[in-house]
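pasting the structure only:
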């Protein structure tokens, strides 16, 4: 039995996108008087673009990890992981368009000036030659923070991600037809190669795409922190999708043990993220060097609730609720935890971008919620479309039998 | 009357598992299985309840965490406030980030050691404790099922033996049940 997007699901997805669009437009009109509006819109596109791209990349990484480690149990959920990672194509297009806009507006500058006549309101202030002219810190970060280098590596990152996704998907479908172990070993090699590339790219791309929002500040742990969040959200999304598909009567070979294992991944990656959050926070807090600690001062002074709230949500909720074995096998509890920590990790990406671009003016209103809904609808539609295009259970994978009898 | 027990010996874990499934389906209650290594999937067949060791670990973790918090509250805040790099040294909450690593370490230390020691005590396998294994060969290459007559009042000893002999055993023995310690 193949999975098809039901008419009801389609209606829901387009409903969410429609309501989101309306909310987004209401948000624009609500804030049309504020000088921060262009910055706010662009920041939101960056937040949602990166957040959903992060989910797809986390899934792609997880897929490569399963290939490189020749993991058996996860074969039964392979198509779900592929489905989630299929958003990399759409996500890459959205990011390219957004980066083009930012490049041609000198980092998102729409003519906002301070009282002293300085340019303000950038997303990437380092893209504005007027700012860089008087800023030796950014000058010293050239050539890393220049438009040319940014674009060179961005094309490289996105190209590698899309190509590897296409390759994994193609070989996965080919394996269904051909069988044998040739494709398996090719996936093994490509998976290992992707892990190496992603190890570098996940860090450097987060420096370019996100950390450069606060161009004066830097953290050596940043890439890992962003990656931890991506991975956790990806596992959460995979779990939600498995629960949805199982509820619809698909994925019969996926039993409690598979779900338990994905639950363990959510638990573990939540800890990974929390650990990295705290490692970064504590070192800056302890050293208390003004140029470093400013990053946290802006966040804690202006966004106290979101900043601590998202840490509590992303750390305490998975820790306390998912600790027991029974909870990781209970669809209702998992559904609740997954939905909550997806919102928590969205707030995390919000915290990565917004305080740097909007300063004290950032807020969560109609605009933010609306655009999130639009992106969520688009993401869900892309993922479900991919899933409906191939049988949900792979055939001929060498470890398929092991996965079917997975029992822990 | 003293409790009698039947020991059935097998030479393969899969054979034992299949035999156990068959015997349980016929209504036999298997008290225990002795094996040189954990047999995957035997617990639900013979009706062993899921371990509560995780709960013990959690409680030991809580204990460790509490001790850590109480400890550094007393050492660093109450008894002898230390000024380290100008950090606020008279409140626990504002100083907390500095104490998180030690809290984490003590939590892990207590959870891990508490869990391991509880496990050894519960299994009566602390170093120096006498072994209560009925057949030493089950630590090498033999697998033994323990079936106590008092837990199988439906069947007589001979009936049970007949049932067990239908499976691929290599040895069977009925004797008085002795608790080693």
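That came through, no problem. In this text the structure is predicted, and so the values were computed from the model without any measurement.

most centrally placed residue in the chain?
Here I'm looking at chain A. Centroid-nearest residue in chain A: residue A:54, 2.0 Å away (criterion: Cα atoms, centre = their mean).

could you do chain B instead?
residue B:119 (5.3 Å).

measure the residue nearest to that residue when sequence neighbours are not counted to chain A for me?
Once flanking residues are discounted, residue B:119 sits nearest to residue B:53: 6.2 Å by Cβ to Cβ, 6 or more residues apart in numbering or on different chains. To be clear about C-beta, it is placed using only N, CA and C from the backbone, and glycine gets the same treatment. Residue B:53 sits 11 Å away from chain A, taking Cβ to the nearest Cβ, to the nearest Å as the criterion.

can you count the residues close to residue B:53?
By other Cβ atoms under 10 Å in any protein chain shown, the residues close to residue B:53 number 14.

so what's whichever residue of chain B sits closest to chain A up against?
Going by Cβ to the nearest Cβ, chain A is nearest to residue B:97 of chain B, at 4.9 Å. By Cβ atoms under 8 Å, 6 or more residues apart in numbering or on different chains, the contact list for residue B:97 reads A:278, A:281-282, A:285-286.

circling back to that earlier point, can you confirm the residue nearest to the centre of chain B is in a helix?
Yes: under DSSP: H, G, I helix; E, B strand; the rest coil, residue B:119 sits within a helix.

what's the helix or strand containing residue A:201 packed up against?
Per DSSP states H and E: residue A:201 is located in helix A:182-209. If you count contacts as 3 or more Cβ pairs under 8 Å, 6 or more residues apart in numbering or on different chains; DSSP states H and E, helix A:182-209 packs onto helix A:37-68, helix A:147-178, helix A:222-247.

okay, the ones you listed in a markdown table with mean pLDDT next?
Putting the helices and strands packed on helix A:182-209 into a markdown table (pLDDT from 0 to 100) gives the following:
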| stretch | mean pLDDT |
| --- | --- |
| helix A:37-68 | 96 |
| helix A:147-178 | 95 |
| helix A:222-247 | 96 |
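
in a strand, that's where residue A:70 is, yeah?
No: counting by three-state DSSP, residue A:70 is not found in a strand; it is coil.

tell me the contacts of it?
A:184, A:188, A:399.

name the nearest residue to the residue in the stretch 51-200 of chain A that chain B sits nearest to, ignoring sequence neighbours.
Residue nearest to chain B within the stretch 51-200 of chain A: residue A:73 (13.4 Å; Cβ to the nearest Cβ). Distance criterion Cβ to Cβ, 6+ apart; nearest residue to residue A:73, sequence neighbours excluded, is residue A:406 at 4.5 Å.

pick out the most distant pair among the contacts of residue B:97.
Within the contacts of residue B:97, two members stand farthest from each other by Cβ to Cβ: A:278 and A:286, at 11.5 Å.

which of these two has more residues huddled nearby?
Counting neighbours by other Cβ under 10 Å for residue A:278 and for residue A:286 shows that residue A:278 has the greater number, 17 against 14.

in stretch B:98-116, what's buried?
Going by neighbour count (16 or more other Cβ atoms under 10 Å in any protein chain shown), the buried part of stretch B:98-116 is B:98-99, B:103, B:106-107, B:110-111, B:114-115.

for the spatially closest residue to residue A:2 that is not a sequence neighbour, what are phi and psi?
The spatially closest residue to residue A:2, leaving aside those adjacent along the chain, is residue A:391, at 6.3 Å (Cβ to Cβ, 6+ apart). Taking degrees, to the nearest 10, you get phi -60, psi 140 for the backbone angles of residue A:391.

could I get the pLDDT score of residue A:391?
Listed pLDDT for residue A:391 reads 91.

so how far is residue A:76 from residue A:399?
10 Å (Cβ to Cβ, to the nearest Å).

if we check chain B, which of the contacts of residue B:97 are in contact?
With Cβ under 8 Å from any Cβ of the partner chain as the criterion, those include A:278, A:281-282, A:285-286 near chain B.

any chance of JSON lines for those, columns pLDDT and secondary structure?
JSON lines is the format used below for the ones next to chain B among the contacts of residue B:97 (pLDDT from 0 to 100; DSSP: H, G, I helix; E, B strand; the rest coil):
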{"residue": "A:278", "pLDDT": "95", "secondary structure": "helix"}
{"residue": "A:281", "pLDDT": "94", "secondary structure": "helix"}
{"residue": "A:282", "pLDDT": "93", "secondary structure": "helix"}
{"residue": "A:285", "pLDDT": "91", "secondary structure": "helix"}
{"residue": "A:286", "pLDDT": "89", "secondary structure": "helix"}
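
good, we can wrap up now.
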